[in-house]
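**Student:** following is a predicted model, sequence given first.
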Amino acid sequence: MKELILKNQIYTGSNNRQSLVDLTIPADYVEKIIVFCHGHMGYKDWGAWNLVEKFYTNLGFGFCKYNVSHNGGTISEPIDFSDLNAFGENNYSKELYDLQQVLNWLEEQVSPLPDIYLIGHSRAGGIALLSSSDPRIKKIATWASICDIEKRFPEGKQLQVWKTQGTRYIENSRTHQKMPHFYSQYEDFEANKDKLNIEKACLACKIPVFVVHGDADTSVDIEESRLISSWLKTRLFEIEESNHTFGATQPWESPELPEHLEKVCHITLGFFLIDYSI
């Protein structure tokens, strides 16, 4: 296959909302495509994610990354969060649907569709695991993943206040925006608890999964990946003194990956190169 570089293409995600997707197929393509799924308050071009793409395409992997449809960005303003109403309307079911739509879009671009390897960071680690039954997906790598969606929501009196007020706000520590979360997010979870059960998805998972987490992560505790590893009966790779984004920040102006993130890329590469059919 000839080199293919598609940047800021449009796919149609949940609720027919359009969002952006990238695909790079290098000249020395190994007929495997990595699909990178960003986390909460993230986007495909956040921090060092473009360097992660470069790391893998330099080794012959195709690489696809996308913005979830309701991440708060728009087609014309994909960096940061210009549409806070869309952000407030987001939920886990929408993100599951978005991933399916991106895979469908990939099938239109690359024929026949090769093996798909997912990398899910943070919240998207959970989305990747919940998608593990899709036959197009052959391997999953979770980076600092969540293990339980219900834990993301308030409880007791705080939950009742959210229901009464309809919106709760969480400040983005970088942009200082008050990010709205509509109560409909919790209603969607309640209506789809079985579909959104990460433990159940792990116990039913039939494909190889790689789990890595920084032991200094203050956003998602490493204990969540320990639980994922126990459910999958697989090893957890712990990155010492590493935070939630493995040293990356937004913006990331260096031409090199941060040390911890480069290590994560290398050990994930080892997992992708293993032939589990032998």
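**Tutor:** Happy to help now that I have it.
**Student:** next, count neighbours for the closest residue to Arg174 other than its chain neighbours.
**Tutor:** In this structure, Arg174 finds its nearest non-sequential neighbour in Gln250, 6.3 Å apart by CB to CB, 6 or more residues apart in numbering. Placement of C-beta: from N, CA and C, glycine included. For Gln250, the neighbour count with other CB atoms under 10 Å is 17.
**Student:** from Lys94, how far out is Gln250?
**Tutor:** From Gln250 across to Lys94, the span is 23 Å (CB to CB, to the nearest Å).
**Student:** go on, Asp115?
**Tutor:** 26 Å.
**Student:** list the buried ones in stretch 95-104?
**Tutor:** Neighbour counts over stretch 95-104 (16 or more other CB atoms under 10 Å) mark 95-99, 101-103 as buried.
**Student:** higher neighbour count, Asp115 and Lys94?
**Tutor:** The neighbour comparison of Asp115 against Lys94 (other CB under 10 Å) goes to Lys94, with 20 against 14.
**Student:** ok but the more buried one is inside a helix, no?
**Tutor:** Yes. Counting by DSSP: H, G, I helix; E, B strand; the rest coil, Lys94 is located in a helix.
**Student:** check contacts around it.
**Tutor:** Taking CB atoms under 8 Å, 6 or more residues apart in numbering, we find Lys94 in contact with 13-15, 68-70, 188.
**Student:** Ile137 against Gly120, yeah?
**Tutor:** No. In this structure, Ile137 is not within contact of Gly120 by CB atoms under 8 Å, at 10.7 Å.
**Student:** same drill for these two, tell me which one is more crowded.
**Tutor:** Between Ile137 and Gly120, counting by other CB under 10 Å, Gly120 is the more crowded of the two (26 against 18).
**Student:** surely that one is in a strand?
**Tutor:** Yes. Gly120 forms part of a strand when assessed by three-state DSSP.
**Student:** in contact with it, which residues?
**Tutor:** Neighbours of Gly120 in contact, by CB under 8 Å, 6+ apart: 37, 126-129, 140-143, 145.
**Student:** which of those tops the neighbour count?
**Tutor:** Thr142 (33 neighbours).
**Student:** pretty sure that one is in a strand, no?
**Tutor:** Yes. Under three-state DSSP, Thr142 sits within a strand.
**Student:** in the sheet, who's paired with it?
**Tutor:** Applying DSSP bridges to Thr142 gives these bridge partners: Gly120, Val211.
**Student:** just the pLDDT for it.
**Tutor:** Thr142 is assigned a predicted lDDT (pLDDT) of 99.
**Student:** got it, and Cys265?
**Tutor:** pLDDT, Cys265: 98.
**Student:** spatially nearest residue to it (excluding sequence neighbours)?
**Tutor:** Nearest to Cys265 is Phe55, by CB to CB, 6+ apart, at 4.8 Å.
**Student:** which SSE is immediately downstream of the host helix or strand of the one you found?
**Tutor:** For Phe55, the element it lies in under DSSP states H and E is helix 49-57. Under the assignment DSSP H and E, the closest C-terminal helix or strand after helix 49-57 is strand 62-66.
**Student:** pull up the pairing partners for that following strand, direction included.
**Tutor:** strand 18-25 (antiparallel), strand 32-37 (parallel).
**Student:** following that strand in sequence, what is the next regular element?
**Tutor:** helix 84-89.
**Student:** give me the contact list for that next one.
**Tutor:** Under CB under 8 Å, 6+ apart, the answer for helix 84-89 is 15, 17, 69-72, 74, 81, 167, 177, 179-182, 184.
**Student:** 6 Å instead?
**Tutor:** If you take CB atoms under 6 Å, 6 or more residues apart in numbering as the criterion, helix 84-89 is touched by 70, 72, 81, 179-180, 182.
**Student:** what ranges does the stretch 151-278 of the chain have for its strands?
**Tutor:** 167-171, 178-182, 209-214, 236-239 (DSSP state E, counting those that start in this stretch).
**Student:** on that earlier part again, show me the buried residues of stretch 95-104 that map onto strands.
**Tutor:** When the buried residues of stretch 95-104 are checked against strands (DSSP state E), there are no matches.
**Student:** dump those into TSV; add distance to Phe153 and pLDDT as well.
**Tutor:** Shown next, in TSV, are these (distance: CB to CB, whole Å; pLDDT from 0 to 100):
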residue	distance to Phe153	pLDDT
Glu95	15	98
Leu96	17	98
Tyr97	20	98
Asp98	20	99
Leu99	21	98
Gln101	25	98
Val102	26	98
Leu103	28	98
